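**Q** I'd like to go over a predicted model; first the sequence, then the structure.
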Amino acid sequence: MAEKQHVVAGKRLIVALDVAALKEAQAIVSELDGLVSFFKIGLWMHVLPGIADLAAELVSSGKQVFWDVKGHDIPETLRGYTAAAGRAGFSFLTIHSSGEVTDEAIRFAIDGKKGTGLKILAVTALTSMSDDEARSLYGVNSASALVAERARRAIALGLDGVIASAREAAMIRKLAAERDRQDFLIVTPGIRPSGSTADDQKRITRPSEAINNGADYLVVGRPILQAHDRRRAARAIIDEMQRAFDQR
């Protein structure tokens with residue numbers, strides 16, 4: 001039996017820089033320095049002047065960047081997208097896994113990041129999606145059914161992992177094991193520590209629950225960003241994650 005690998009929880013927390021100003025994002029990074037080393041740059045920020053410079057600063061200072069703009073385009077465009085992200089030194093990048101993103105486009109995306117350390121993650125179903133919305137939009141029985149369908153596709157096509165709710169993490173872990181994909185990553189948003197509000201999220205879980213279900217990385221935004229003491233909030237989440245990783 002392989003020796004159990006020790007997981008450092010502080011390296012598995014990704015803080016979402018979902019703020020409207022570059023200076024605020026820089027302040028958050030500075031406030032969490034030495035505690036958090038992985039940051040997500042999403043749709044809120046990627047159009048801001050100077051955002052590329054911030055991403056480059058993060059990479060050059062030894063931090064990791066999750067570029068989350070959910071690529072959804074033709075094959076050659078997705079190949080260029082992943083190639084550029086790989087050259088920039090980003091760690092994670094998202095693409096959509098809807099039917100309009102063809103198998104060919106996903107293969108082009110994988111080809112584009114060759115020779116880099118970039119991991120491509122397929123978005124399964126947003127954590128703000130309810131079962132009723134999944135049925136209405138996609139004709140499936142539930143959001144979990146949609147996640148399963150898209151996770152199977154991501155595994156079969158050779159993507160590095162998925163973005164999915166922790167409620168589906170155990171199912172995805174089983175699907176990956178069936179294809180001998182022990183390296184398949186599950187990155188989980190919709191994390192809400194005890195006492196936090198759900199906001200617009202519908203499929204939420206606590207940090208420990210997400211880890212216990214099989215998540216590898218947790219993405220947390222508002223529970224940290226809106227905290228009176230951001231560093232303390234991040235520390236509490238990391239401590240809860242570490243206990244769960246140690247027991248897994």
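**A** That came through, no problem.

**Q** buried set for the lowest-mean-pLDDT helix or strand in the chain?
**A** Confidence across the helices and strands of the chain bottoms out at helix 131-138, with a mean of 79, counting by mean pLDDT, DSSP states H and E. Using 16 or more other CB atoms under 10 Å as the test for burial, helix 131-138 gives 131, 134, 138. The way it works is simple: take the backbone N, C-alpha and C, and place the C-beta from them, glycine included.

**Q** what does stretch 24-33 give?
**A** With burial defined by 16+ other CB under 10 Å, the residues of stretch 24-33 counted as buried are 25-26, 28-29, 32.

**Q** just those now: which is nearest Val101?
**A** Using CB to CB, Ala25 is the member of the buried residues of stretch 24-33 that lies nearest Val101, at 28.5 Å.

**Q** Quick one: residues contacting the closest one.
**A** The contact partners of Ala25, by CB atoms under 8 Å, 6 or more residues apart in numbering, come to 17, 19, 45, 54.

**Q** least trustworthy position among these, going by pLDDT?
**A** Lowest pLDDT of these: Met45, 88.

**Q** what about the closest residue in space to that residue that isn't next to it in sequence, how many residues close to it?
**A** By the measure of CB to CB, 6 or more residues apart in numbering, the closest residue to Met45 outside its immediate chain neighbours is Ile51, 5.4 Å from it. The tally of other residues near Ile51 (other CB atoms under 10 Å) stands at 17.

**Q** pretty sure Ile51 is touching Leu22, no?
**A** Yes: counting by CB atoms under 8 Å, Ile51 sits close enough to Leu22 to count as a contact (6.7 Å).

**Q** Tell me where this structure has helices.
**A** 22-31, 51-60, 75-87, 103-112, 131-138, 143-157, 169-178, 207-213, 222-225, 230-247 (DSSP state H).

**Q** so how far is the third one from its chain's centroid?
**A** Pointing back at helix 75-87 there. Shown here is helix 75-87, whose average C-alpha point lies 18 Å from the average C-alpha point of the whole chain (CA atoms, centre = their mean, to the nearest Å).

**Q** now swap in the fifth one and tell me
**A** Relative to the chain's own centre, helix 131-138 is displaced by 22 Å; criterion: CA atoms, centre = their mean.

**Q** Kindly calculate the angle that that helix makes with helix 143-157.
**A** 50 degrees (axes from the mean of the first three to the mean of the last three CA atoms, to 10 degrees).

**Q** Quick one: list the elements packing against helix 131-138.
**A** On a contact count with 3 or more CB pairs under 8 Å, 6 or more residues apart in numbering; DSSP states H and E, helix 131-138 meets helix 143-157.

**Q** Show me the contact partners of the helix it packs on.
**A** 97-98, 103, 106-107, 110, 122, 124-125, 129-131, 133-134, 138, 140, 161-162, 164-165, 167-168, 171-172, 175-176, 179, 181, 184, 203.

**Q** give me that answer again for 7 Å
**A** Residues outside helix 143-157 that contact it (CB atoms under 7 Å, 6 or more residues apart in numbering): 97, 103, 106-107, 122, 124-125, 129-131, 134, 138, 140, 162, 164, 167-168, 171-172, 175-176, 179, 181, 184, 203.

**Q** For this structure, give me the ranges with low pLDDT.
**A** Where the chain drops to pLDDT under 70, the residues are 1-4, 99, 194-204.

**Q** How about the contacts made by the residue nearest to Met45?
**A** Taking CB under 7 Å, 6+ apart as the contact definition, Ile51 lies against 22, 41, 45.

**Q** Please identify the most buried of the helices of the chain.
**A** Of all the helices of the chain, helix 207-213 carries the top mean neighbour count, a mean of 23, counting by mean count of other CB atoms under 10 Å.

**Q** With only the CA atoms kept, save that helix in CSV.
**A** Taking only C-alpha atoms (Å, rounded to 0.1, in the frame of the first residue of the first chain), the coordinates of helix 207-213 have been written out as CSV:
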residue,chain,number,x,y,z
PRO,A,207,-14.6,23.3,4.1
SER,A,208,-14.3,20.0,6.1
GLU,A,209,-17.2,18.5,4.2
ALA,A,210,-15.7,19.3,0.9
ILE,A,211,-12.4,17.7,1.8
ASN,A,212,-14.1,14.6,3.2
ASN,A,213,-16.0,14.2,0.0
